[in-house]
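K.L.:
below are the sequence and a predicted model for it; my questions follow.
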There are 2 protein chains.
Amino acid sequence: MKITATKENLLFGVSTVQKAVNAKNTLPILTCIKLETQGEKLSFTATDLEIGIQCDVPVEILEEGTVVIPARYFTEIVRKLPDSVITLELINDNELLIQYDHSQLNLKTMPADEFPKLPEVEGEYKLAIQALKIKQMIKQIVFACSTDEGRPLFTGVLCEIENNEIRMISTDTHRLALKKDQIQNNFKNSFNFIVPAKILAEMARLIQDDEEICYMSIAKNLATFVISNIQIVCRLFDGQFPNYKQVIPAQYTLKIKTNTKLLQEAVERISLFSLNNSSNTIQVKIEKNILTLFSQSELGKGYEQIQIESEGEPVEIAFNYRYLLDVFRVLEDENLTIEFTGPLSPGIIRPVQSDTFLYLILPVRS
Amino acid sequence: MKITATKENLLFGVSTVQKAVNAKNTLPILTCIKLETQGEKLSFTATDLEIGIQCDVPVEILEEGTVVIPARYFTEIVRKLPDSVITLELINDNELLIQYDHSQLNLKTMPADEFPKLPEVEGEYKLAIQALKIKQMIKQIVFACSTDEGRPLFTGVLCEIENNEIRMISTDTHRLALKKDQIQNNFKNSFNFIVPAKILAEMARLIQDDEEICYMSIAKNLATFVISNIQIVCRLFDGQFPNYKQVIPAQYTLKIKTNTKLLQEAVERISLFSLNNSSNTIQVKIEKNILTLFSQSELGKGYEQIQIESEGEPVEIAFNYRYLLDVFRVLEDENLTIEFTGPLSPGIIRPVQSDTFLYLILPVRS
């Protein structure tokens, strides 16, 4: 292999595949990146066998070939390269020669044939969605997933496809987030799949250009996501996601409307008194047009009052403040509504302007 | 005590004294901040008995008094306060009532008389220097101090006063930085003192306005630094700093001149091969107008060549690359010179445009 490239293109390649490198893997080959000439492009690949990321960047190819190199050092080198023409060349069968200006670096390579191939996914379902849309969806639901590897299903996001709609649902069993949007296809028969949350988070990070389309190809246990010159391959979770529709109350006894930022700031302040208390609990009391937040600990106590619009019966309820703060950060609306059905039933938070997002939060029993 | 204040002023007060709070101190009173009305101002004080910081901010005083409160929680609260008028009031002898808008927080206080008094420093020497100058001096030398508490003297900065000049010297015994500048006084008899590096670093952080003057008052074991409405009191080190002048070579056999950024970037790249090698060593070879950097490890090897101007005899020498990178970050000159006196003698790095800074770096014996 021999190519010339700009620093910018090399940096884009290594940064894109970075998250699929497991630097601590005991298999040295999995701590590497594969560089392979493909037509007019250089293809960067990394995989930890859970996720594989591939990315093609334009380079000038002088000689075709493949090189596998330690990701950490190659990435550090590329970051620090000058903005000159960079030549990469495989020499002596096991050295990558990196040349620029009057300098050169030789980096030891690994045997290219030991690098695992990314699985070819022949998807049963193929769908397309605007990259901007899916990035937004991911951002609004991924935080509500569990991080408990003991219950792997809840570290994934349920994706439901029905007609031309995609719904993403995440839950850690204490709260649940649901976001829906339009896809560009139309499926008569609904289907669903569960994607690891960390793979969606990485996908959202890689989406730069809002104009792009994200193409998904879904097989039984595998999925491929293609966005422009980037391809992500990942395993899907196998299992039955609980019926989330059952836990969303169909009615409410109280509905309030208030300013998102005012409520967020009040919860932030009042939660300071819960910092030392393991349940992270704050009390909420709603009477007519006043919402009162209350918290107390050995540090002191406090209350915050906010003007609200409300219809329905007064309620006193307690929540884990962290679950409230989490959703305020992703609610992209100046105002929100919360629906209550008594002190032991979940609260449902929605933006006022849109019916595509809902957040369910279970009360804390005190 | 009862006062009203803006969030901005309260935040300035707590942020300024923050570094003197030792959050992990086993004496709870030292994890606190003292608020005390003084004339038209509210005075914030914190101390860990090593350093004391006091800062006065304008407030409206409704009732004089003193309050001592846990620094961590008060700081968190102040950060999150709305931009309204804030009222602070001591109630029930042991609660600080914080009121704003329609809300209030009560924070438990500590007994004010248990809070240690900052020592009154009646300095033998009083000097004044532009705050901008001392901030620059600190930035250029503080990184070369030792962090080894086993040799406390080298965790301090030697300040030498002679006529109208101040010289700051720091060393960890592997390298030495020296910076000098003018003070506004003139002392016939020279004197010196050793200030803990971390206190100077904090002082540099607190200097915001370049127009300010820093007033120093130096007693035997204590010093006070006053910058505008901020006062820092600290202990000085007691001990004899080694005679640094002896180690600076008076002559050289080779002097080179090169571009600071080019050399910095070349060292950064070449040092990647030393990441796994405990001595952090890179080889430097100078012949005529070419400086060659070389490094090698089990990862691979590399060389970098840079055009230089040089006069004197060729040299081959080895340095710890970290000590080189440290000084490149603070050298505020496009070009630098390095003087050599053979492979076993220190290199002396200076900016081209100024004779007020010098950096000595010992070679690594290979």
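P.N.:
Alright, I've got the coordinates.

K.L.:
pretty sure A:Gln264 contacts A:Tyr321?
P.N.:
No. If you go by Cβ atoms under 8 Å, A:Gln264 and A:Tyr321 don't touch, sitting 10.6 Å apart. C-beta coordinates here come from the backbone N, C-alpha and C atoms, glycine included.

K.L.:
between those two, tell me which one has more neighbours.
P.N.:
A direct count of neighbours by other Cβ atoms under 10 Å in any protein chain shown for A:Gln264 and A:Tyr321 places A:Tyr321 higher, at 24 against 17.

K.L.:
residues in contact with the residue lying closest to the more buried one once chain neighbours are set aside?
P.N.:
Nearest non-adjacent residue to A:Tyr321, counting by Cβ to Cβ, 6 or more residues apart in numbering or on different chains: A:Ser271, 3.9 Å away. By Cβ atoms under 8 Å, 6 or more residues apart in numbering or on different chains, the contact set of A:Ser271 is A:280, A:282, A:295, A:321-322, A:325.

K.L.:
what parts of chain A come near chain B?
P.N.:
A:70, A:73, A:76-77, A:80-82, A:95-96, A:98, A:101-108, A:265-266, A:268-270, A:272-273, A:275, A:298-306 (Cβ under 8 Å from any Cβ of the partner chain).

K.L.:
inside helices: which ones of those residues?
P.N.:
The helices, defined by DSSP state H, take in A:73, A:76-77, A:80, A:265-266, A:268-270 from these.

K.L.:
just the buried residues of the contacts of A:Ser271.
P.N.:
Neighbour counting by 16 or more other Cβ atoms under 10 Å in any protein chain shown classes A:280, A:282, A:295, A:321 among these as buried.

K.L.:
now, the most widely separated pair of those?
P.N.:
A:Asn280 and A:Ser295 (9.8 Å; Cβ to Cβ).

K.L.:
could you tell me which residues touch both of those two?
P.N.:
Contact criterion Cβ under 8 Å, 6+ apart; residues shared by A:Asn280 and A:Ser295: A:271, A:274, A:321.

K.L.:
closest one to A:Ser228 out of the residues you listed, please.
P.N.:
Looking across these and measuring by Cβ to Cβ, the closest to A:Ser228 is A:Tyr321, at 39.9 Å.

K.L.:
that closest one and A:Val284 touch, don't they?
P.N.:
No. With contacts counted by Cβ under 8 Å, A:Tyr321 stays clear of A:Val284, the gap being 9.8 Å.

K.L.:
quick check: buried residues in the longest strand along chain A?
P.N.:
Taking DSSP state E as the criterion, chain A has its longest strand at strand A:175-196. For strand A:175-196, the neighbour count (16+ other Cβ under 10 Å) marks A:175-181, A:183, A:193-196 as buried.

K.L.:
returning to what we had before: closest one of the shared contacts of A:Asn280 and A:Ser295 to A:Glu40?
P.N.:
Nearest to A:Glu40, judged by Cβ to Cβ, of the shared contacts of A:Asn280 and A:Ser295 is A:Tyr321 at 54.0 Å.

K.L.:
check contacts around the closest one.
P.N.:
A:267, A:270-271, A:274, A:280-282, A:295.

K.L.:
what pLDDT does it get?
P.N.:
As predicted, A:Tyr321 sits at a pLDDT of 95.

K.L.:
that older thread, now the contacts of A:Ser271 in TSV, with secondary structure?
P.N.:
Conversion of the contacts of A:Ser271 to TSV gives the following (DSSP: H, G, I helix; E, B strand; the rest coil):
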residue	secondary structure
A:Asn280	coil
A:Ile282	strand
A:Ser295	strand
A:Tyr321	helix
A:Arg322	helix
A:Leu325	helix
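
K.L.:
ok, these vs chain B, which is closest?
P.N.:
Distance to chain B, by Cβ to the nearest Cβ, is smallest for A:Ser295 among the contacts of A:Ser271, at 9.2 Å.

K.L.:
residues contacting that closest one?
P.N.:
Here A:Ser295 is in contact with A:270-274, A:281-283, A:301-303, A:321 (Cβ under 8 Å, 6+ apart).

K.L.:
if we take those, which one ends up nearest to chain B?
P.N.:
Nearest to chain B among those, with distances taken as Cβ to the nearest Cβ, is A:Gly302, at 3.5 Å.

K.L.:
which single residue of the stretch 1-150 of chain A ends up nearest chain B?
P.N.:
Counting by Cβ to the nearest Cβ, the stretch 1-150 of chain A gets nearest chain B through A:Leu105, at 3.5 Å.

K.L.:
show me which positions of stretch A:232-251 end up buried.
P.N.:
Result for stretch A:232-251 [16+ other Cβ under 10 Å]: buried residues A:232-237, A:241, A:244, A:249.

K.L.:
brain fart, stretch A:216-235
P.N.:
Neighbour-count burial for stretch A:216-235 [16+ other Cβ under 10 Å]: A:216-219, A:222-235.

K.L.:
pLDDT on that stretch, on average?
P.N.:
94.

K.L.:
pull the residues that contact it.
P.N.:
Here stretch A:216-235 has contacts from A:16, A:41, A:47, A:50-57, A:118-119, A:121-129, A:131, A:191, A:193, A:195-196, A:199, A:202-203, A:206-207, A:209, A:212-215, A:236, A:238, using Cβ under 8 Å, 6+ apart.

K.L.:
the most centrally placed residue in chain A: what secondary structure?
P.N.:
The residue lying closest to the centre of chain A (Cα atoms, centre = their mean) is A:Ala201, at 1.7 Å. Assigned by three-state DSSP, the conformation of A:Ala201 is helix.

K.L.:
now do the end-to-end distance for stretch A:242-250.
P.N.:
This stretch, stretch A:242-250, spans 18 Å end to end (Cα to Cα, to the nearest Å).

K.L.:
pLDDT of that stretch, averaged?
P.N.:
93.

K.L.:
need the residues that contact it.
P.N.:
In contact with stretch A:242-250 (Cβ under 8 Å, 6+ apart) are residues A:158, A:169, A:171, A:176, A:178, A:339, A:341, A:345-346, A:348, A:358, A:360.

K.L.:
out of the residues you listed, flag the one nearest to chain B.
P.N.:
The closest of the contacts of stretch A:242-250, once distances to chain B are taken by Cβ to the nearest Cβ, is A:Glu339, at 24.1 Å.
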